[in-house]
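Engineer: Please work out how this folds:
(one chain, ligands or ions: 1)
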Amino acid sequence: MPRLRLGPSLWLDRRTQAPSFPSLRHDVRVEVAIVGGGLTGAAIAWRFAKAGIPVALIERARVGRGSTAASTALLMQEPDVDLRELASRYGKAGARRVWQLSRAATRDFVRTIDQLGIECDLAARDSLYYALTPKAIEPLRIEHRLRRRAGFSGRWLSAAQLSDASGFEGAGAIRTHGNAQIDPYKACLGFTRAAVERGAQVFERTPVLARRSRLRTGNWGLGAGESVVLRTPHGSVTADRVIVATGYATERFKPLAGRFRMLHTYVVGTRRLSRAERRRLGLGAVMLWETGRPYHYARWTPDNRLLLGGGDRTRVRGRSRARAFRDGTQRITEYFVGLYPALAQIAFEYAWEGLFAMTPDGLPYIGAHRRYPRHLFALGYGGNGMTFGFLASRLLLDWYRGKRSADHDLFAFNRLR
Ligand SMILES: Cc1cc2nc3c(=O)[nH]c(=O)nc-3n(C[C@H](O)[C@H](O)[C@H](O)COP(=O)(O)OP(=O)(O)OC[C@H]3O[C@@H](n4cnc5c(N)ncnc54)[C@H](O)[C@@H]3O)c2cc1C
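Structural biologist: The predicted structure follows:
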């Protein structure tokens with residue numbers, strides 16, 4: 001399996017008290033086994049355990065240290081796919097529903113972090129979705145009008161208002177209230193702890209090596225068996241249902257691989273900036289992302305570093321990955337120095353890269369696949385993995401309890417052929 005991250009992530013560098021979970025050394029029987037201990041798996045484990053369902057979370061390496069530790073963790077109500085683009089694929093009602101679910105998931109996520117008392121530097125932040133050039137402004141105006149008509153608030157910012165809020169010269173922006181930012185690693189550990197407190201079993205350093213279905217007769221097969229047995233190096237997990245939350249289809253689900261496009265994305269982080277330096281840059285307490293694709297984005301950290309990211313590119317293999325990493329981080333730096341010339345004088349202390357999976361329509365797969373009885377999946381989030389991963393935890397619990405709705409169809413595998 002390829003490495004999910006390259007380079008030192010800021011979040012892992014912060015001496016967060018990381019609990020250590022045991023590796024599996026015996027056989028266990030649970031109702032639901034969750035494979036993948038990133039934020040998605042942790043949220044699912046918490047939600048199922050809270051509902052009184054016996055679960056085991058199984059992580060190949062360490063909890064939260066995959067893509068979750070690479071994330072810049074902007075919790076956005078707005079999916080990366082514009083409402084306009086989604087509407088052209090799925091109609092106005094379908095697009096509006098996806099956006100409503102994304103907004104509700106962000107609010108639910110923020111409220112839950114608060115209620116559980118998870119310390120993860122949660123901070124409410126408006127986002128600015130900006131157009132840099134006059135050519136990009138008209139499509140953004142249309143997007144703004146569509147959003148308003150569909151019931152999504154968002155204030156239009158003129159070029160002057162954008163400049164006041166961001167400190168750079170652009171053509172205009174949509175300002176959205178109600179978004180947030182977190183430390184994704186701390187959040188993941190927080191949900192894992194909350195799951196354990198509610199009875200979940202968590203196993204780290206426990207790769208799932210193989211799956212078999214156990215049929216009613218006691219025979220083995222890969223049909224719609226009574227239960228699924230996951231084999232790990234020193235024990236097995238038998239479960240009625242397996243939830244696959246590995247970020248994307250791993251080697252165990254080869255037939256699904258063609259459904260994802262793997263991309264690299266890059267992040268750089270400055271040293272801590274003084275108040276005077278921040279004033280000179282002119283970027284207020286907002287999160288930025290642009291209308292261009294692949295997009296660039298920026299946010300502050302609680303200790304006044306600027307995190308700059310984006311520049312996604314198609315996956316490269318072998319040694320080319322390290323070269324692409326250098327080029328990718330350099331291009332991000334150049335882009336932002338273009339917006340903020342003062343950044344040219346400021347040292348960058350962090351640079352990292354993450355691998356992520358994109359689906360053809362930019363929406364995740366959440367739900368069952370006919371090829372894999374007794375499995376549920378939560379995979380392929382693009383740049384909205386925090387929000388959609390949390391949404392997956394709710395949709396999958398509903399599914400498991402037999403409460404299927406039209407919302408599930410929006411993320412079903414069969415929406416795309
Ligand atoms: C650089 C970057 C920036 C991002 N920024 C944002 C952002 O601002 N906002 C946002 O919403 N999203 C963002 N994302 C996306 C988001 O971070 C991810 O989608 C999200 O963290 C995915 O979480 P996950 O739990 O699904 O996957 P991961 O965190 O990757 O967890 C999957 C886990 O599965 C484990 N695993 C795999 N195979 C096995 C196996 N066989 N057995 C056991 N365990 C296994 C892996 O070890 C891994 O820990 C970003 C992503 C990157 C890379």
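Engineer: For the stretch 51-200 of the chain, list the residues in contact with the ligand, please.
Structural biologist: Residues of the stretch 51-200 of the chain found near the ligand (Cβ under 6 Å from any ligand atom) are 58, 59, 60, 61, 66, 67, 68, 70, 71, 72, 73, 74. In short, each C-beta sits where N, CA and C put it, glycine included.
Engineer: Is the first one bridged to anything, and to what?
Structural biologist: Okay, so that is residue 58. residue 35, residue 203 (DSSP bridges).
Engineer: Run a quick neighbour tally on it.
Structural biologist: By the criterion of other Cβ atoms under 10 Å, residue 58 has 26 neighbours.
Engineer: That one contacts residue 33, doesn't it?
Structural biologist: Yes - using Cβ atoms under 8 Å, residue 58 is in contact with residue 33, at 6.4 Å.
Engineer: and residue 102, that's in a strand?
Structural biologist: No - going by DSSP: H, G, I helix; E, B strand; the rest coil, the assignment for residue 102 is helix, not a strand.
Engineer: OK, contacts around it?
Structural biologist: 76, 77, 78, 79, 384, 387, 388, 391 (Cβ atoms under 8 Å, 6 or more residues apart in numbering).
Engineer: if you set the cut-off to 10 Å instead, what comes out?
Structural biologist: Listed by Cβ atoms under 10 Å, 6 or more residues apart in numbering, the contact set of residue 102 reads 76-81, 152, 363, 384, 387-388, 390-391.
Engineer: repeat for residue 231
Structural biologist: Contacts of residue 231 (Cβ under 10 Å, 6+ apart): 207, 208, 209, 210, 211, 212, 237.
Engineer: Which one (most neighbours) among those?
Structural biologist: residue 237 (25 neighbours).
Engineer: Doesn't that one lie inside a helix?
Structural biologist: No - assessed with three-state DSSP, residue 237 is strand; it does not lie in a helix.
Engineer: Identify the residues contacting the residue in the stretch 251-400 of the chain that the ligand sits nearest to.
Structural biologist: Of all residues in the stretch 251-400 of the chain, residue 385 sits closest to the ligand, at 1.7 Å by Cβ to the nearest ligand atom. By Cβ under 10 Å, 6+ apart, the contact set of residue 385 is 38-40, 67-68, 70-71, 73, 184, 247, 354, 356-357, 364, 378-379, 392.
Engineer: Selection in ChimeraX covering whichever of these are buried, please.
Structural biologist: Buried members of the contacts of residue 385, defined by 16 or more other Cβ atoms under 10 Å, are picked up in ChimeraX with:
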select :38,39,40,67,68,70,71,73,184,247,354,356,357,364,378,379,392
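Engineer: Can you list which of the contacts of residue 385 are found in helices?
Structural biologist: 39, 40, 67, 68, 70, 184, 392 (DSSP state H).
Engineer: Now pLDDT too, for those, in CSV please.
Structural biologist: Output for the ones in helices among the contacts of residue 385, formatted as CSV (pLDDT from 0 to 100):
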residue, pLDDT
39, 97
40, 98
67, 93
68, 95
70, 93
184, 97
392, 98
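Engineer: if we can go back for a sec, anything in contact with each of residue 58 and residue 33?
Structural biologist: If you check residue 58 and residue 33 against Cβ under 10 Å, 6+ apart, the residues they both contact are 201, 203, 208, 230, 237, 239, 242.
Engineer: Name the SS class of the fourth one, please.
Structural biologist: Secondary structure state of residue 230, per three-state DSSP, is strand.
Engineer: residues in contact with it?
Structural biologist: 24, 28, 33, 35, 56, 58, 206-212, 236-239, 242, 252.
Engineer: run the last query once more with 7 Å
Structural biologist: Remark: with contacts taken as Cβ atoms under 7 Å, 6 or more residues apart in numbering, residue 230 is in contact with 33, 58, 208, 211, 236, 237, 242.
Engineer: and what of residue 346?
Structural biologist: Counted by Cβ under 7 Å, 6+ apart, residue 346 has contacts 270, 271, 273, 277.
Engineer: Considering those residues, which is situated nearest to residue 321?
Structural biologist: Proximity of these to residue 321 (Cβ to Cβ) peaks at residue 270, which lies at 24.2 Å.
Engineer: picking that back up, can you tell me which of the contacts of residue 102 end up in helices?
Structural biologist: 387, 388, 390, 391.
Engineer: Output the shared contacts of residue 58 and residue 33 as TSV; include the columns pLDDT.
Structural biologist: Formatted as TSV, these follow (pLDDT from 0 to 100):
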residue	pLDDT
201	98
203	98
208	96
230	96
237	97
239	97
242	97
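Engineer: Is residue 170 in a helix, a strand, or coil?
Structural biologist: Residue 170 ends up coil, using three-state DSSP.
Engineer: still on that earlier bit, of the shared contacts of residue 58 and residue 33, which ones also sit close to the ligand?
Structural biologist: Residues of these in contact with the ligand (Cβ under 6 Å from any ligand atom): residue 208.
Engineer: And the shared contacts of residue 58 and residue 33, which is closest to residue 304?
Structural biologist: residue 203 (37.7 Å).
Engineer: okay, residue 2: pLDDT?
Structural biologist: pLDDT, residue 2: 70.
Engineer: wait, what's in contact with it?
Structural biologist: residue 355.
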